[in-house]
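Q: sequence-free structure coming up:
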Ligand code: TA6
């Protein structure tokens, strides 16, 4: 484990003996890079990402809490993406490496959302697998409700060539079509236009195929999966993405969005996303 300076922010680099590597930013408590033992980068991080805290870092795995997207009165995707998290613990043990980052409510968060909380993000790498677990603890004396996500930006060779399996038959809210509720009919989702969908009740692993590379995507605790690609026009309007970056990324997010979680005082909620790279 080493603490390094990455574009001016403190980051934790973890390595496993397999050669797997992960880079986690204290800003946002966000994984920025995940390399499998073959040296291949699996996450998308925009070359135009901003690292000064004035906006969230575009790429990796941003943590959205206590609000997913614009589902409420708070800033989009909540309050913790631009905050400095604390490295709580880390461990490298031969074939696996693990780190825990935490953040709690402060004056700034309470001014917008009056609830005491503690979040813990645990990142584990092992061989060709990355696990990211989000724990949300209600440290106050009143219940609170939240939505949120692990807003994972996957790196793809060419988004028009990807196939995402496992969503067929599921209901989804199409945020790119006036929030219309639809049902997925395709056995494999392909992307050739803007996609912004919240799939409900996802209980089985997904498989992303990208030019002979396969990535298994599994979630626990998070009932929804969000699939997002801004496509050409929206991408061109985002100041922290290059014009053609939409071709190199696909967000497949683990989310709790449709039904907020009601968390009682002293209780902890857990959600996890696991990514497993498998040879094609
Ligand atoms: O999760 C999908 C989404 O909510 C999209 O609607 C899109 O706006 C994306 O997140 C990125 O949001 P951001 O605030 O990071 O630009």
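A: Sure thing, it's come through. Computed from a predicted model, the values in this text were never measured in an experiment.
Q: mind showing which ranges of this protein have poor pLDDT?
A: 280 (pLDDT under 70).
Q: from the contact counts, what lies against the longest strand anywhere in it?
A: Secondary structure of the chain per DSSP state E: the longest strand is strand 249-263. Contacts defined by 3 or more Cβ pairs under 8 Å, 6 or more residues apart in numbering; DSSP states H and E place strand 249-263 against strand 129-138, strand 144-150, strand 153-155, strand 195-199, strand 206-210, strand 224-229, strand 268-279. Any C-beta I mention is one placed from the backbone N, CA and C, and that applies to glycine too.
Q: let's have those strands in CSV, adding distance to residue 73 and mean neighbour count.
A: Output for the helices and strands packed on strand 249-263, formatted as CSV (distance: least, Cβ to Cβ, whole Å; neighbours: other Cβ atoms under 10 Å):
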stretch, distance to residue 73, mean neighbour count
strand 129-138, 19, 21
strand 144-150, 12, 23
strand 153-155, 26, 22
strand 195-199, 19, 22
strand 206-210, 31, 19
strand 224-229, 20, 24
strand 268-279, 21, 17
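Q: put together CSV for those, with distance to the ligand on each row.
A: Formatted as CSV, the helices and strands packed on strand 249-263 follow (distance: least, Cβ to the nearest ligand atom, whole Å):
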stretch, distance to the ligand
strand 129-138, 15
strand 144-150, 7
strand 153-155, 9
strand 195-199, 5
strand 206-210, 16
strand 224-229, 4
strand 268-279, 13
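Q: write out the residues of the chain neighbouring the ligand.
A: Residues of the chain lying close to the ligand (Cβ under 6 Å from any ligand atom) are 56, 69, 76, 77, 151, 175, 196, 226, 228, 253.
Q: looks to me like the third one is in a helix.
A: No - when the secondary structure is assigned by DSSP: H, G, I helix; E, B strand; the rest coil, residue 76 falls in coil instead of a helix.
Q: how many neighbours does the spatially closest residue to it that is not a sequence neighbour have?
A: Distances taken as Cβ to Cβ, 6 or more residues apart in numbering put residue 70 closest to residue 76, at 5.5 Å, once the chain neighbours are dropped. By the other Cβ atoms under 10 Å criterion, the neighbourhood of residue 70 contains 11 residues.
Q: same question, the one 5 residues further on
A: By other Cβ under 10 Å, 13 other residues sit near residue 75.
Q: ok, it - contacts?
A: 67, 112 (Cβ atoms under 8 Å, 6 or more residues apart in numbering).
Q: same question for residue 165.
A: Residue 165 touches 187, 188, 189, 206, 207, 208, 209, counting by Cβ under 8 Å, 6+ apart.
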